[in-house]
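[1] Mind looking at a prediction? Sequence and model below.
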Amino acid sequence: MFDCRGKLVSGARFSEGVTMCFVKHSLYALRWDDCWPDLEIVKAMASISDNEGRKDSLLDWLHPRAPATLIKRVNSILLYHKEVGWGQEVVPYREHSVYCYMRDAKAGGAKPSQLAALREALIFVRFVFDVPSLDPIVKSRRILGITRRGAKRGRAKAHPLRVCDLEVLHTLLESAASVWDKLFSGACLACLYMRARWSDFQHTCAFSIDYSEEREPVYLEFRAEVFKTMNAKFFDGEPMIWVAPAQGIYRHNWVKLWMQVVARLPVRS
């Protein structure tokens, strides 16, 4: 797996994402304690004395949501509280207050997607933490409308990757001055040839290489137990497996070069 700097590290490092989710979700769950004491999650957290026990309990509440989803939802909630504060006039969440915030935010230039993210986060709280009092927000037509109404904008999309772009990555892997540039180029090639999401690729927990009779790499296989669509019925708890050919569009065997780069660096795989 690779961290945000493209470094290959041991294990999936899923625990770091879990810890981040735990810290952020704990933040607003514990702040709810002051103004929403009857909430089930608040009472559950208060009944556990040690931090490790609270962490396990909260992770049970949040299971089996993907880490990226959890972080996105909690960031939307915390952004809302950053603007309106914490207090009994804010929490418990009320349909009128949330709508007024969205109306003012939209007048101030907030994008509909930002408002939609807050609505989705509150729906998340409603069903994950079993908060029926949020039903007026979930069912509100005007909140739904304000998150969708607005000028249609063209999607900002990156240009499609071209063959010449792939050749640049192959060239960097082969002859870049920085060994870290070589490492990251190899990671990009692996993700591209596997046709994997980068966020899923980062959660890789194991990999293997298939060799030819001449001991040349032929295929590179990555496995991840945490990925975006892991809760789909199709997977039924099975890990995701990606396979990339070691011989791409360039003259060299990129997997062989990449493994040579990894061997030169103080990283574990």
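    That came through fine.

[2] following the one helix or strand Arg73 maps to, which helix or strand comes up?
    Element membership of Arg73 [criterion: DSSP states H and E] is helix 67-84. Next along the chain after helix 67-84, taking DSSP H and E as the criterion, comes helix 95-107.

[3] buried set for that following helix?
    Glu95, Val98, Tyr99, Tyr101, Met102, Ala105, Lys106 (16 or more other CB atoms under 10 Å). Using the backbone N, CA and C atoms, a C-beta is placed for each residue, glycine as well.

[4] Mind jotting down where the strands sit in the chain?
    204-211, 217-224, 240-245 (DSSP state E).

[5] Mark out where each domain of this structure begins and ends.
    15-148, 163-264 (automatic domain parsing).

[6] Same list (those) but as JSON lines, adding mean pLDDT and distance to Lys157.
    Listed next are the domains of the chain as JSON lines, based on pLDDT from 0 to 100; distance: least, CB to CB, whole Å:
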{"stretch": "domain 15-148", "mean pLDDT": "83", "distance to Lys157": "15"}
{"stretch": "domain 163-264", "mean pLDDT": "89", "distance to Lys157": "15"}
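
[7] could I get these as a markdown table with distance to Ala156?
    Listed next are the domains of the chain as a markdown table, based on distance: least, CB to CB, whole Å:
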| stretch | distance to Ala156 |
| --- | --- |
| domain 15-148 | 11 |
| domain 163-264 | 18 |
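
[8] Tell me where the stretch 51-200 of the chain has helices.
    For the stretch 51-200 of the chain, applying DSSP state H, counting those that start in this stretch gives helices covering 51-62, 67-84, 95-107, 112-128, 135-139, 141-148, 163-175, 179-194, 198-201.

[9] so which of those comes closest to Arg215?
    Arg215 lies closest, by CB to CB, to one member of the helices of the stretch 51-200 of the chain: helix 179-194, at 19.2 Å.

[10] Could you export the closest one as PDB, CA atoms only?
    The C-alpha trace of helix 179-194 is given here as PDB (Å, rounded to 0.1, in the frame of the first residue of the first chain):
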ATOM      1  CA  VAL A 179      14.300   7.400  -6.500                       C
ATOM      2  CA  TRP A 180      11.100   8.600  -4.900                       C
ATOM      3  CA  ASP A 181       9.900   9.800  -8.200                       C
ATOM      4  CA  LYS A 182      10.600   6.400  -9.600                       C
ATOM      5  CA  LEU A 183       8.700   4.800  -6.700                       C
ATOM      6  CA  PHE A 184       5.600   7.000  -7.200                       C
ATOM      7  CA  SER A 185       5.700   6.500 -11.000                       C
ATOM      8  CA  GLY A 186       5.600   2.800 -10.500                       C
ATOM      9  CA  ALA A 187       2.700   3.100  -8.100                       C
ATOM     10  CA  CYS A 188       0.800   5.200 -10.600                       C
ATOM     11  CA  LEU A 189       1.400   2.600 -13.300                       C
ATOM     12  CA  ALA A 190       0.200  -0.200 -11.000                       C
ATOM     13  CA  CYS A 191      -3.000   1.700 -10.300                       C
ATOM     14  CA  LEU A 192      -3.500   2.500 -14.000                       C
ATOM     15  CA  TYR A 193      -2.900  -1.000 -15.400                       C
ATOM     16  CA  MET A 194      -5.100  -2.500 -12.700                       C
END
